[in-house]
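**Q** turn this into a structure:
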Amino acid sequence: MIPIAKPLIGEEEIKAVTEVLKSGMLAQGKEVEAFEREFASYIGVKNAIAVCNGTVALDLALKALKIKSGDEVITTPFTFIASANAILYQGARPIFADIDERTYNLDPEKALEKINPRTKAILVVHLYGQPCDMKAFKEICEDHKLLLIEDCAQAHGAEFEGKKVGSFGDVATFSFYPTKNMTTAEGGMILTNDDEIAKKLRILRDQGQTRKYWHEELGYNYRMTNVAAAIGRVQLKKLEKWNEIRRRNAELLGNGLKKIDGLNPPFVDRRAKHVFHQFVVRIESDQLSREELMKRLKERGIETAVHYPLPVHHQPIYQKLGYPKEICPRAIDAAKRVLSIPVHPALSEEDIAYIVRSLEDVFR
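**A** Residues are numbered from 1 along each chain as shown. Sure, this is the predicted structure:
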């Protein structure tokens, strides 16, 4: 079976973890501090704050920005649910704007239409590894005095107009879940150029302490371990190489799939460096359903997945909160048509050729 994702863990990661285990310093410490410095330098920001997962990163980022009950945050309905849930955690309300039907990212013009006096921020998600239109979103947020939050959970190393995602917003968050472009097994990171926000984040992640056993506010145990950071430091050194392999694999897949009627390969914004966390095709065929295509590919030993089968506002919890189902029609249509096929760095050129041939055979 060719898997849809495959974490790449080598001897370097095993050695780094072993050294931490032998040291006895397993919880947050110097290894985490080093990972924070290296990741901040890689993205090009002043401060990085490591935490235990990507959802926690979003939660703390919004808390540090003082998003609160009565506030509204504009975001995309076409993403993993954690992006919107982090807004709910604050007692605030997610306001869903529709997506660009080519990139599947939040459409700046649709977001602009949703701004009102209660709007405090826009939370963009760089979906599948393709950056949002950050020039447009920066201008919108500056013009309307809004905070800009980047969810970069799927976009490690992606760039927009030569600048890495995670360096545009007031805060940005990353996830290091095992299927991401790099991993720490579980983990997250918050980035900011604002020293006061960074100070607040470090206090919040560590039980509200400003010094040991001196708790000035309600905090949380959201720390990353030295074990996780050791993996992350090794993976970060490999990230650029892995991203280039993903881009090469995506080019080979895209060129092969152009010949198939009823199957559209991903669109890539020329201003962006796409890092292909997922390679997502769009099914336009009336003769072949997505479910049938997935079944036939599985029979040929190719794993596929749907990211994501339901827009967030169609999820049961959001229906209970009263969100109308008919909003964001582009997101609704995309959820019915998208399909992720393998693109990860562990694929060989023979694997990619086999995937293309299998898709040709199924559509033929």
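**Q** what's the span of stretch 146-155 from first residue to last?
**A** Using CA to CA, to the nearest Å, the end-to-end distance of stretch 146-155 comes out at 23 Å.
**Q** average pLDDT for that stretch?
**A** Summarised as a single mean, pLDDT over stretch 146-155 is 98.
**Q** what's the answer for stretch 163-174, then?
**A** What stretch 163-174 shows for mean pLDDT is 98.
**Q** quick one, what contacts the closest residue to Val56 other than its chain neighbours?
**A** Leaving aside its sequence neighbours, Val56 sits nearest to Tyr222 (CB to CB, 6 or more residues apart in numbering; 4.7 Å). (C-beta placed from N, C-alpha, C; glycine too.) For Tyr222, the contacting residues are 51-52, 56, 59-60, 204-206, by CB atoms under 8 Å, 6 or more residues apart in numbering.
**Q** would you check that Gln287 makes contact with Gly262?
**A** Yes. Gln287 is within contact range of Gly262, at 7.3 Å (criterion: CB atoms under 8 Å).
**Q** select the longest strand from the protein.
**A** Criterion DSSP state E: the longest strand present in the chain is strand 119-125.
**Q** quick one: list the elements packing against it.
**A** Strand 119-125 sits against strand 72-75, helix 82-89, helix 134-144, strand 147-151, with contacts defined as 3 or more CB pairs under 8 Å, 6 or more residues apart in numbering; DSSP states H and E.
**Q** kindly reformat these as TSV containing distance to Gln235 and mean neighbour count.
**A** Below are these laid out as TSV (distance: least, CB to CB, whole Å; neighbours: other CB atoms under 10 Å):
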stretch	distance to Gln235	mean neighbour count
strand 72-75	28	24
helix 82-89	21	22
helix 134-144	25	16
strand 147-151	20	25
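**Q** redo the ones you listed as CSV? Include distance to Ser348.
**A** Shown next, in CSV, are those (distance: least, CB to CB, whole Å):
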stretch, distance to Ser348
strand 72-75, 38
helix 82-89, 33
helix 134-144, 34
strand 147-151, 32
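**Q** tell me the two of the contacts of Tyr222 that are most distant?
**A** Distance extremes for the contacts of Tyr222: the farthest pair is Asp59 and Asp206 at 14.6 Å, using CB to CB.
**Q** who has more neighbours out of the two?
**A** With neighbours defined as other CB atoms under 10 Å, Asp59 and Asp206 compare such that Asp59 has more, 24 against 18.
**Q** the inter-axis angle of whatever helix or strand that one lives in versus strand 147-151?
**A** Using DSSP states H and E, Asp59 sits in helix 54-64. For helix 54-64 against strand 147-151, the angle by axes from the mean of the first three to the mean of the last three CA atoms, to 10 degrees is 170 degrees.
**Q** ok, back up a step: give me the more crowded residue out of Gln287 and Gly262.
**A** Just comparing Gln287 and Gly262: by other CB under 10 Å the higher neighbour count belongs to Gly262, 13 against 8.
**Q** neighbours around Lys259, how many?
**A** Neighbours of Lys259 (other CB under 10 Å): 11.
**Q** do the same with Ser175
**A** When counting by other CB under 10 Å, one arrives at 25 neighbours for Ser175.
**Q** so who does it touch?
**A** Contacts of Ser175 by CB under 8 Å, 6+ apart are 53-55, 57, 153-154, 187-188.
**Q** partner residues bridging it?
**A** Here Ser175 sits in beta bridges with Gly188, going by DSSP bridges.
**Q** remind me what the longest helix seen in the chain packs against, helices and strands.
**A** Identified as the longest helix of the chain according to DSSP state H is helix 226-257. Judged by 3+ CB pairs under 8 Å, 6+ apart, helix 226-257 is in contact with helix 11-23, helix 30-43, strand 279-283, helix 349-363.
**Q** noted, bye for now.
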